[in-house]
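In: dropping a prediction and its sequence here:
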Amino acid sequence: MNPINPEAIGLFGLFATVICFGLEQIGVGVKGADHEKLTRTLGHIAIIFGGCTQIFTAICMYLFSVGGGHSNFLGTIFGFFGLFWILVGVFFLKGGDKKVMAHFFLCSLILCIVFTVRAFQDGLVWPLGIDLVVIDLLLLTLIPGWYTGKPGLTKLAGIFNLAIGVISLFLLFPALYL
């Protein structure tokens, strides 16, 4: 067992980001909040916790072959989602066209389905494969959600984000040797 495991920081970043986004999406603690400040704060969380931690993890996995025979695969997942969260964070800070972001979510869904299939093929069903399935469902929800802005889809996305966070704990704890 390698005593140094960069997955822990990437998984913590994932956990913190999806829990914060999920709680906001289902409406916990946002009643009467300053929407501009809330959006800016989520942007910072996405960039620092979702993006930077996962990019760091990806780089470590590539450079140090952490993850055994799966280091390239896992590094690619961390790298992609690190970049994903940076883009989402920049959108929340600077704005943009939500429909173009929905197109990006479609491209992300296609790639995430490939990740999911590969995880299942490699026998990485629980918890990684199941987490990826829920991420697929999240992306599938975000596409029409960002096109239409329907509150029901936002709440469903929040539930998926919270589920991703809970499942990611089953990846995080072993990475912390707990």
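Out: Nice, I can see it. Numbering: from 1, shown residues only.
In: and L153, how far from M61?
Out: 33 Å (C-beta to C-beta, to the nearest Å). To be clear about C-beta, it is placed using only N, CA and C from the backbone, and glycine gets the same treatment.
In: and for N161?
Out: 24 Å.
In: count the residues that sit near K99.
Out: When neighbours are defined as other C-beta atoms under 10 Å, K99 has 12 of them.
In: I figured it was touching G149, is that so?
Out: No - K99 is beyond contact range of G149, at 10.4 Å (criterion: C-beta atoms under 8 Å).
In: how many neighbours does G68 have?
Out: Neighbour count for G68, taken as other C-beta under 10 Å: 8.
In: please apply the same query to V90.
Out: Around V90 there are 15 residues (other C-beta under 10 Å).
In: residues contacting it?
Out: G43, I47 (C-beta atoms under 8 Å, 6 or more residues apart in numbering).
In: what's the first helix or strand after the helix or strand where it lies?
Out: Element membership for V90, per DSSP states H and E: helix 71-94. Next along the chain after helix 71-94, taking DSSP H and E as the criterion, comes helix 98-121.
In: list the buried residues in stretch 54-68.
Out: Buried positions in stretch 54-68, judged by neighbour count with 16 or more other C-beta atoms under 10 Å: Q54, I55, F56, T57, A58, C60, M61, Y62, V66, G67.
In: and the two most separated of these?
Out: Maximum pairwise distance among these (C-beta to C-beta): 15.6 Å, between I55 and G67.
In: so what's H70 closest to, chain neighbours aside?
Out: Excluding its sequence neighbours, the residue lying closest to H70 (C-beta to C-beta, 6 or more residues apart in numbering) is D122, at 6.7 Å.
In: count the neighbours of the one you found for me.
Out: Around D122 there are 13 residues (other C-beta under 10 Å).
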